[in-house]
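Colleague: When you get a sec, could you give me coordinates for this:
(chains A and B)
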Amino acid sequence: MPSLPDASGRFGTFGGRYVPETLVGALDELAAQYAKACQDPSFQAELDTLLRHYVGRPSPLYLAERLSRECGGAQIYLKREDLNHTGAHKINNTLGQALLTRRMGKHRVIAETGAGQHGVATATACARFGLECVVYMGAEDIRRQRPNVFSMKLLGAEVRPVTSGSRTLRDAINEAMRDWMASVDTTHYCLGSVVGPHPFPQIVRDFQAVIGREARRQCLDQLGRLPDVVVACVGGGSNAAGIFYPFLDDAEVRLAGVEAGGRSNAPGDHAAPLCFGSPGVLHGSFSYVMQDEDGQTADVHSISAGLDYPGTGPEHSYWKDIGRVEYAQATDAEVLAAFDRLARCEGILPALESSHALAKAMDLAATLSPEQAIVVNLSGRGDKDAAEIARLRGEEIG
Amino acid sequence: MSAIDQLFTDLRVAGRKAFMPFITAGDPDLEFTADVLRTLVERGSSMCELGIPYSDPIADGPVIQASYTRALERKIKLRAILDMLQRLTPELPAPVVTMVSYAIVYRRGPERYVAAARAAGIAGAIVPDLPADEAQPLADACRREGLSLIQLITPNTPRHRALRIAERTTGFIYYVSVAGITGERNELPPEIAENVAWLREQTPLPVCIGFGISRPEHVRALAPVADGLIVGSAIVRRIAEASHKPREQVLRDIAEYVDPLLAAMG
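Modeller: I've put the predicted structure just below:
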């Protein structure tokens, strides 16, 4: 496959840079600094050292034997990003961007967060590098992800509640962009997913591609071959882009992205733009989005704050249109069932986001033979979701 | 010659500058929007900038965001805005330009959007989230229909880039006074005058200044160095009061607010 994005930040027709003129200079600078860092062996060496000794990489590729037996089909392997420092894949990206922030001579970092995982990972990287950190988070997400909010504060970050619009991830991105408009000289916007204007979709994908590179090598070492299917959940799509990217040229490996199916297929009940949306412009890039006939962003719903987003990464849109990746969705109910299943038969609490990938992988496993292998990106741990699950079930956790 | 070119030619001959208020379409409804536009032009505005409400306006501060939210909560549609303008523009002796997100333009398609805008009597488009590098498809459509495509230059735009943007602009250049979002400010950066003066030496296009301008002293300081000034949030804030004040009163408040600004234009 060709190396994308192209010089104008496009993946096919998707991507680009739809931002106010005020931000163009900062995006140019970021792209230039990133290109320079890619040519600098000391940059990669420093990042590799951090990933190994600070994050705990490589993360294991774990054969979930009991789960596979229960599903009655293919062997299910879990790529254990939940075991990373801070409990999710997000740290891979924030450490890389913190290094870039330092190279650009900026001292302040802003970020958006949905589930709080990217916020915690950004606060962590900022603490590690002595950078000032402000995290924008929707008021609704603050309610449903309390433990992460407190962690960010413990790490020295300021969490700013966003009360405009739907009070979720989308509004947190709007507010972070507005901050950046006025602070661009001194501040780096550490975007947490493969969305937004060029070069963010490329930078975040590249920093997350360590997941796929490891998984591919681990499959060759542990299975003696490549997997049959790789499954990951897709909101903005960073964990999916990270694990898919190194497998793109392996035509025999099926790649499956799973969006948030929510309560139903009706508009407003899900957050699945690749399944049900149309191409449009949101948050600085051209990609699939949930929108009305005027191009107004539509409201979406997901049980998981990290997937509760009306847009998705432009490269996912490209992979969908060229048919390289298949995109499906899992409903809130299927997700909760998958969460329970993994908790009880493997002793692992998965994040609700990652549970979307699990739900689809379990269905898929049943249709395959025991000689076949599925890799699921277990992108984060589920402790942060315990209180929300208790609330949904009407249980007190004291 | 386009309506905007004609306006600035006339103003230059008369030695005058353009006063350009911004308001949001459909806040709280289109009937009142038309009343406000009439009032603003009656008081002496040269051109009006009409914001098309958008769900995710990243260049806008809280006042304009809130007005977009109010309009969208009342289910304002682009079709209804264009219909209102189609009725209003023939009787309005000042051009109307729209501030519109590219998300809305793209959804219709640049061709169809421009044709519909033209039919409604709109003279130009300002698309705040469409940098010059991405503007080609819309610029082509605008040229064919004779609609002005007003592009923005900011304090952090490098000068070589500013020249490239100016070459691709029609109507006038929108010079953004500050790096940041829309909204009233107490003080404006002192280097505006120098930057705008430089720009006006490089291009025959009129240069208008917007963002942050809200007081007579801002107007007195900036009107001499520019071809026009844009005032938005301070008017939109007054329109917001239409929810709990008689509309006649709000129209009087707006007139009382813009009169001293117009007087300060000189």
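Colleague: ok, the one helix or strand residue B:31 maps to near chain A or not?
Modeller: With secondary structure defined by DSSP states H and E, residue B:31 is part of helix B:30-43. No. Residues of helix B:30-43 contacting chain A under Cβ under 8 Å from any Cβ of the partner chain: none, with a closest distance of 14.6 Å. (Glycine included, C-beta is placed from N, CA and C.)
Colleague: Need the residue closest to the centroid of the chain.
Modeller: Assuming you mean chain A. With distances taken as Cα atoms, centre = their mean, residue A:238 lies nearest the centre of chain A, 3.4 Å away.
Colleague: um, chain B though
Modeller: By Cα atoms, centre = their mean, chain B has its centre lying nearest to residue B:49, at 3.3 Å.
Colleague: Which residues are in contact with that one?
Modeller: B:20-23, B:96-99, B:126, B:230, B:232 (Cβ atoms under 8 Å, 6 or more residues apart in numbering or on different chains).
Colleague: rerun that using 10 Å as the cut-off
Modeller: B:20-23, B:95-99, B:124, B:126, B:150, B:174, B:208, B:210, B:230-232 (Cβ atoms under 10 Å, 6 or more residues apart in numbering or on different chains).
Colleague: got it, and residue A:334?
Modeller: A:258, A:261, A:355-356, A:358-360, A:362-363.
Colleague: go on, residue B:155?
Modeller: Listed by Cβ under 10 Å, 6+ apart, the contact set of residue B:155 reads A:22, B:175-180, B:189, B:191-192, B:195, B:211.
Colleague: ok, 6 Å please
Modeller: Contacts for residue B:155 (Cβ atoms under 6 Å, 6 or more residues apart in numbering or on different chains) come out as residue B:179.
Colleague: In space, what's closest to the residue of the stretch 1-150 of chain B found nearest chain A - neighbours in sequence excluded?
Modeller: Nearest to chain A, among the residues of the stretch 1-150 of chain B, is residue B:107, at 3.1 Å (Cβ to the nearest Cβ). Spatial nearest neighbour of residue B:107, chain neighbours left out: residue A:295 (3.1 Å); criterion: Cβ to Cβ, 6 or more residues apart in numbering or on different chains.
Colleague: contacting residues for that neighbour?
Modeller: Residue A:295 neighbours (Cβ under 6 Å, 6+ apart): A:280, B:103-104, B:107.
Colleague: Return the residues of chain A in contact with chain B.
Modeller: Counting by Cβ under 6 Å from any Cβ of the partner chain, chain A comes close to chain B at A:16, A:18-22, A:24-25, A:174, A:177-178, A:181-182, A:280-281, A:294-297.
Colleague: so where's the stretch 101-250 of chain B uncertain?
Modeller: Applying pLDDT under 70 to the stretch 101-250 of chain B flags no residue at all.
Colleague: 90 instead, please
Modeller: Within the stretch 101-250 of chain B, the ranges that satisfy pLDDT under 90 run B:187, B:190, B:243.
Colleague: Please, which helix or strand holds the residue of the stretch 1-150 of chain B closest to chain A?
Modeller: Counting by DSSP H and E, residue B:107 is found in helix B:102-108.
Colleague: Run through the neighbouring helices and strands of whichever strand in chain B runs longest.
Modeller: Secondary structure of chain B per DSSP state E: the longest strand is strand B:18-24. In this structure, strand B:18-24 packs against strand B:48-51, strand B:228-231, helix B:233-239, with contacts taken as 3 or more Cβ pairs under 6 Å, 6 or more residues apart in numbering or on different chains; DSSP states H and E.
Colleague: let's go with 8 Å and repeat that
Modeller: In this structure, strand B:18-24 packs against helix B:3-14, helix B:30-43, strand B:48-51, helix B:62-73, strand B:207-210, strand B:228-231, helix B:233-239, helix B:247-264, with contacts taken as 3 or more Cβ pairs under 8 Å, 6 or more residues apart in numbering or on different chains; DSSP states H and E.
Colleague: where along the stretch 51-200 of chain B do the strands fall?
Modeller: Assigned by DSSP state E, counting those that start in this stretch, the stretch 51-200 of chain B shows strands spanning B:96-99, B:124-126, B:148-150, B:152-153, B:173-176.
Colleague: Could you do chain A as well?
Modeller: Counting by DSSP E, chain A has strands at residues A:10-11, A:14-15, A:61-63, A:75-80, A:108-113, A:132-138, A:158-162, A:187-189, A:229-233, A:254-262, A:278-282, A:285-289, A:325-331, A:373-378.
Colleague: List the strands paired with the last one, with their directions.
Modeller: Sheet pairing here is set by DSSP bridges, and for strand A:373-378 it gives strand A:75-80 (parallel), strand A:229-233 (parallel).
Colleague: if we compare the strands of chain A, which one ends up closest to residue B:159?
Modeller: Nearest of the strands of chain A to residue B:159, taken as Cβ to Cβ: strand A:187-189 at 23.5 Å.
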